[in-house]
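*Asks:* What follows is a predicted protein model with its sequence.
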Amino acid sequence: MESVGDNLSPLASVNSTVQYNEVARQAKKILQIGVPRTGSTWQYQLLCVIMQLVHDYDVDCHGGADSSEATYQVLKSHSFRTVTGEIGKAKAKEDLAMFLTTNMEPHIQDKQLKRVGYSWGVIQTYDTLVKEGLAVIQTYSKLFGLTEHQTKMVYQYMKYWQITRRCCGNQQGQDNFKRLQNSTAPLAHKFIEYDYSDCAIYNLGEVETLLVSTEVIKNDPSAKEVISQISGSCKRTNDLVRGGMGFNGKVAA
């Protein structure tokens, strides 16, 4: 039995009876599972972009455990419990690929996979993400068999998307919440750490302009709608944060 990890470094993986790249390339449904603040949304967004490129933007990406009528889907959940039904339905069709994030040792997620009846999956640790950054995309590119140009498209998009993820919105990094609200509370991540919040150095309006100019968005059939959602969103949400909005829209403590 061959470890998928032999082919997919720096991602950690559990053992599989098949080559995992074959599973990923044939999958019609991808489940992304990871508790909050483990890079789960980063992995979910990456998988969604890759699937859109591979399947010509005919993919439904959404959070939650319920699948839609779309042929190709990427589902996101913070818990195995909420996606057990989807796992059961897909196992018979052999069209499901599992991707997980964790801030623990990968073998913990390995046990959870086996508990729900799966013997394989690809696990990305938070430590890998913050140390390797965008370089991790190369591993996913090989996994899904992307062309060189498709890989560049993914890099281009994720480069700017991850800045808006960290520095804007109601789920941005906790240290940027503190910065915007002039909090005197200690930062969660020190200046020396890999995941230190550097949002203050960015012109977020310009980052948004670059994001909506990426090939991933320009080639999207719903580009106009996507652009309207992104443009100006950093200023709108960060003004709300300055006014006291906390994580997920709650009132800041």
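*Replies:* The structure has been received and is ready for your questions.
*Asks:* what residue ranges in the stretch 1-150 of the chain are flagged as low confidence?
*Replies:* Low-confidence segments of the stretch 1-150 of the chain (pLDDT under 70): 1-20, 65-66, 88, 90-94, 106-111, 114-120.
*Asks:* any idea how the chain splits into domains?
*Replies:* Here the domain parsing of the chain from automatic domain parsing is 2-145, 152-246.
*Asks:* May I see those organised as a markdown table, with mean neighbour count added?
*Replies:* The C-beta positions use only the backbone N, C-alpha and C, and glycine is treated the same way. Output for these, formatted as a markdown table (neighbours: other Cβ atoms under 10 Å):
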| stretch | mean neighbour count |
| --- | --- |
| domain 2-145 | 18 |
| domain 152-246 | 16 |
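*Asks:* which residues in the stretch 101-250 of the chain form strands?
*Replies:* Using DSSP state E, counting those that start in this stretch, the strands of the stretch 101-250 of the chain run over residues 122-125.
*Asks:* so where do the helices sit in the stretch 151-253 of the chain?
*Replies:* 174-180, 204-212, 215-218, 223-230, 233-242 (DSSP state H, counting those that start in this stretch).
*Asks:* would TSV of those with distance to D195 and mean pLDDT be doable?
*Replies:* Formatted as TSV, these follow (distance: least, Cβ to Cβ, whole Å; pLDDT from 0 to 100):
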stretch	distance to D195	mean pLDDT
helix 174-180	9	94
helix 204-212	18	98
helix 215-218	24	98
helix 223-230	24	95
helix 233-242	19	96
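*Asks:* got TSV for these, with distance to S67 too?
*Replies:* Converted to TSV, the helices of the stretch 151-253 of the chain look like this (distance: least, Cβ to Cβ, whole Å):
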stretch	distance to S67
helix 174-180	32
helix 204-212	28
helix 215-218	24
helix 223-230	22
helix 233-242	28
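*Asks:* List the residues that contact V154.
*Replies:* By Cβ atoms under 8 Å, 6 or more residues apart in numbering, the contact list for V154 reads 46, 49-50, 53, 137, 140-141, 146, 216.
*Asks:* And those, which is closest to S228?
*Replies:* For these, the minimum distance to S228 (Cβ to Cβ) is 16.2 Å, reached by V216.
*Asks:* Would you check that that closest one makes contact with L53?
*Replies:* Yes. With contact defined as Cβ atoms under 8 Å, V216 counts as touching L53 (7.3 Å).
*Asks:* Identify the contacts common to these two.
*Replies:* Shared contacts of V216 and L53, counting by Cβ under 8 Å, 6+ apart, come down to 153-154.
*Asks:* Many thanks, have a good one.
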